[in-house]
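Enquirer: Below: sequence and its predicted model.
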Amino acid sequence: MRSLAPADTDALAIIALFTALRLALAATLGLGVDEAYTLSVARDLQLSYYDHPPLQYWIAHLFMPLLGDGRAARLPFIGLFAVSSWLLYRLTQLLFGAEAGVAAVLALNCSAFFTFAGGWVLPDGPLMLALLAASAVLARHFFAPQTSRCGALGAWLLAGFWIGIAALAKYHALLFAIGLLAFVVSVPSRRHELRHWGPWLAALLALLIATPVIVWNIEHEWISVAYQAGRGRFDGQLHPHYVLANLIGQAIWILPWIFVPLLIATWRAWRAGRTVERSWYGLCLALPTLVVFTITPVWGSLGLPHWQMPGWLMLYPALGEYAVRRTEPARLRRWALAGVAVIMLLGTVLVSHAATGFGRILAPRLFARGDPTLDAFEWNQLPAELRTRGLLQPGVFLITTNWMYAGRVDEALHDTVAVVVFGGNPKQFGLRYDPADFLGRDALVLGPADSMNGIAERLRPYFDSVHELAPFALGRSGMQETPMRLMQARCLLKLLPSPYRQPSHEARPAGAQPHCLGRELGNSDLPSGIL
């Protein structure tokens, strides 16, 4: 058995340290809104899903019997990112040497987005692993073919497999494939690859693996593709300032002291051009994602700064090479120690506040306009509140106003009550149930108070009656951080509107009313919480 080189040991030590950090974060930090939503809809095994391809949901569904639907569901994703870190090290080692590989993997793990998202139940974890695996396979084929064990055709087929896996994780895989094609076409010595079967069979294999996504979209009138593409739809005016705002967001997510050297390494790769194939390779893989999601906000929505992260991921090898070639060893070590210390301190402070809300007690003015860490606040106090009032009766279903709140409610109640979104984009919640199943049933209507304006009036045409109940609040450390409104709706008389489809069901005779389980109850029978 071959012994590990010192650089290998250093890389593994970095990966082990940050894996331990992510395990600690997973145990103490509540699920984010996207994680709660993912675990809710992952209960239903589908070919694909509304907002993303299926891989993150399949992983969550597969492990749910073992790990449950809580924070332990992060464990497979933490493992995936540990493998991704090792793949980044190997990719960088192949391109620029072992020392650059150590620097790259350290920089990656010291970047805020990758530190935190590397352990979250999100599509980014599986996507990053698949993209790095494809990059490493082809880098070996392009730059060290003598060390490859599978030959040119085998390398392309293996890369096609991983690109197909990436397509099952996120639509970014298409941009990665465009970047790969750009590299092969732009480098004269690589164009001969297109005269052989390898790239074409790889594309066919990737397409075959992505078939579930395509079939699901065909069956659902391409609503997933339309949803993602709609974010870049021209809204009638140009807003170039969005680009600057988006870039600032990217810098914050990566952390400025890493983002600036990353920009410098990217600029050096651009200036060197295609004559320096190794840096050009990473640049070509990165640019489609970086350009599309940074420029689109000029005419579309502002977007989210983490959409560019799969692109920046491909440039960490260039950052590693820049760090070891342009920085004195002593200075690089100081930078490394400072980077680890800062990310550890930042993680400790943020997670402690997210778990307890202590910052709002010590410095309330800082959070006068809101607290983003509430996105990691789980609504575990909700079931006790509803049970104390005797509201969780058999047959009742829940209505809320947003897919994020639906995920929170479902997370708290562990899928024991059906949750429906009314008035907003339900995402996959709009496909979980047949609306006809709720006819004749009572509903609880709840959500943060600022999201419930006018909902009673809009619901009354659908129900026999809608009554306001006493409000309550959720919060950390005994604080009332999220005021909630609560209503009881008696007997659903007609189908709630569905944004996607109306499931087939037998037509109800004209004038006929559904059988209402609670119709016989008078006002005196309503719970005491009604105002």
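Expert: On my side now, so go ahead.
Enquirer: looking at it, residue 439 is touching residue 496, isn't it?
Expert: No. With contact defined as Cβ atoms under 8 Å, residue 439 does not reach residue 496; the gap is 9.5 Å. For the C-beta atoms, the positions are set from N, CA and C on the backbone; glycine is no exception.
Enquirer: what's the spacing between the nearest residue to residue 29 once chain neighbours are set aside and residue 28?
Expert: Leaving aside its chain neighbours, residue 29 sits nearest to residue 351 (5.0 Å; criterion: Cβ to Cβ, 6 or more residues apart in numbering). Using Cβ to Cβ, to the nearest Å, one gets 5 Å for the distance from residue 351 to residue 28.
Enquirer: one step back: for my notes, confirm the residue nearest to residue 29 occurs in a helix.
Expert: Yes. Counting by DSSP: H, G, I helix; E, B strand; the rest coil, residue 351 is part of a helix.
Enquirer: what number of residues lie near it?
Expert: Using other Cβ atoms under 10 Å, the number of residues around residue 351 comes to 19.
Enquirer: quick one, helices of the stretch 51-200 of the chain?
Expert: Secondary structure of the stretch 51-200 of the chain (DSSP state H, counting those that start in this stretch): helices located at 55-67, 75-96, 98-109, 112-117, 124-143, 151-167, 172-186, 197-209.
Enquirer: What pLDDT is listed against residue 328?
Expert: You'll see residue 328 listed with a pLDDT of 78.
Enquirer: give me the low-pLDDT residue ranges for the stretch 1-150 of the chain?
Expert: 1-2 (pLDDT under 70).
Enquirer: list the contacts for residue 360?
Expert: Contacts of residue 360 were listed using Cβ atoms under 8 Å, 6 or more residues apart in numbering, and they are 366-367, 371, 479, 481.
Enquirer: Could you pull up the residues touching the residue nearest to residue 29?
Expert: Taking Cβ under 8 Å, 6+ apart as the test, what residue 351 contacts is 25, 28-29.
Enquirer: Repeat that for residue 260.
Expert: Contacts of residue 260 by Cβ under 8 Å, 6+ apart are residue 251.
Enquirer: so which strand or helix has it?
Expert: helix 256-272 (DSSP states H and E).
Enquirer: send the alpha carbons of that helix over as PDB?
Expert: Extracted in PDB, the C-alpha atoms of helix 256-272 (Å, rounded to 0.1, in the frame of the first residue of the first chain):
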ATOM      1  CA  PRO A 256     -13.400  39.200   0.900                       C
ATOM      2  CA  TRP A 257      -9.900  38.100   1.900                       C
ATOM      3  CA  ILE A 258     -10.500  35.000  -0.200                       C
ATOM      4  CA  PHE A 259     -12.600  36.600  -3.000                       C
ATOM      5  CA  VAL A 260     -10.000  39.200  -3.900                       C
ATOM      6  CA  PRO A 261      -7.100  36.700  -4.400                       C
ATOM      7  CA  LEU A 262      -9.600  34.500  -6.300                       C
ATOM      8  CA  LEU A 263     -10.400  37.400  -8.600                       C
ATOM      9  CA  ILE A 264      -6.700  38.000  -9.100                       C
ATOM     10  CA  ALA A 265      -6.100  34.400  -9.900                       C
ATOM     11  CA  THR A 266      -9.000  34.500 -12.400                       C
ATOM     12  CA  TRP A 267      -7.600  37.600 -14.100                       C
ATOM     13  CA  ARG A 268      -4.200  36.000 -14.400                       C
ATOM     14  CA  ALA A 269      -5.700  32.900 -16.000                       C
ATOM     15  CA  TRP A 270      -7.600  35.200 -18.400                       C
ATOM     16  CA  ARG A 271      -4.500  37.200 -19.300                       C
ATOM     17  CA  ALA A 272      -2.500  34.000 -19.900                       C
END
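Enquirer: angle of it against helix 98-109?
Expert: 130 degrees (axes from the mean of the first three to the mean of the last three Cα atoms, to 10 degrees).
Enquirer: distance between helix 256-272 and the chain's centre?
Expert: Here helix 256-272 is found 26 Å from its chain centre; the criterion is Cα atoms, centre = their mean, to the nearest Å.
Enquirer: repeat for stretch 40-54
Expert: That offset, for stretch 40-54, works out to 13 Å (Cα atoms, centre = their mean).
Enquirer: start to end distance for it?
Expert: From its first residue to its last, stretch 40-54 covers 13 Å (Cα to Cα, to the nearest Å).
Enquirer: Residue 485 in helix, strand or coil?
Expert: Per three-state DSSP, residue 485 ends up strand.
Enquirer: contacting residues around the residue nearest to it when sequence neighbours are not counted?
Expert: Excluding its sequence neighbours, the residue lying closest to residue 485 (Cβ to Cβ, 6+ apart) is residue 452, at 4.4 Å. Neighbouring residues of residue 452 by Cβ under 8 Å, 6+ apart: 401, 445, 485.
Enquirer: Most neighbours out of those residues, which is it?
Expert: Among those, the one with the most neighbours (other Cβ under 10 Å) is residue 445, at 24 neighbours.
Enquirer: Strands of this protein, start to end?
Expert: Per DSSP state E, the chain carries strands over the ranges 397-400, 419-421, 443-448, 463-474, 482-492.
Enquirer: what separates stretch 219-233 from the chain centre, distance-wise?
Expert: So, by Cα atoms, centre = their mean, the centroid of stretch 219-233 is 17 Å from its chain's centroid.
Enquirer: Can you give me the buried ones in it?
Expert: Buried residues in stretch 219-233, counted by 16 or more other Cβ atoms under 10 Å: 220, 223-224, 232.
Enquirer: Can you tell me what sits against that stretch?
Expert: 47-52, 171, 213, 216-217, 296, 299-301, 303, 431, 500-501.
Enquirer: Filter those down to the buried ones.
Expert: 47-52, 171, 213, 216-217, 296, 299-300, 303, 431.
Enquirer: tell me the two of those that are most distant?
Expert: 47 and 299 (32.4 Å; Cβ to Cβ).
Enquirer: show me what contacts the most centrally placed residue in the chain?
Expert: In the chain, the centroid-proximal residue (Cα atoms, centre = their mean) is residue 122; its distance is 3.6 Å. Neighbour list for residue 122: 34-35, 38, 56, 77 [criterion: Cβ under 8 Å, 6+ apart].
Enquirer: out of those, who's nearest residue 253?
Expert: residue 34 (14.7 Å).
Enquirer: measure that closest one to residue 57 for me?
Expert: From residue 34 across to residue 57, the span is 12 Å (Cβ to Cβ).
Enquirer: Which of these two has more residues huddled nearby?
Expert: residue 57 (23 against 20).
Enquirer: That one touches residue 43, doesn't it?
Expert: No. Applying Cβ under 8 Å, one finds residue 57 not in contact with residue 43, separated by 9.2 Å.
Enquirer: before we move on, the earlier item: so which of the helices of the stretch 51-200 of the chain gets nearest residue 323?
Expert: Across these, closest to residue 323 is helix 98-109 (Cβ to Cβ), at 4.3 Å.
Enquirer: who does that closest one touch, helix- and strand-wise?
Expert: Packing partners of helix 98-109 (3 or more Cβ pairs under 8 Å, 6 or more residues apart in numbering; DSSP states H and E): helix 6-28, helix 75-96, helix 256-272, helix 316-326, helix 329-356.
Enquirer: who's in contact with stretch 366-381?
Expert: 29-33, 36, 350, 353-354, 357, 359-360, 408-409, 411-412, 474-476, 481-482.
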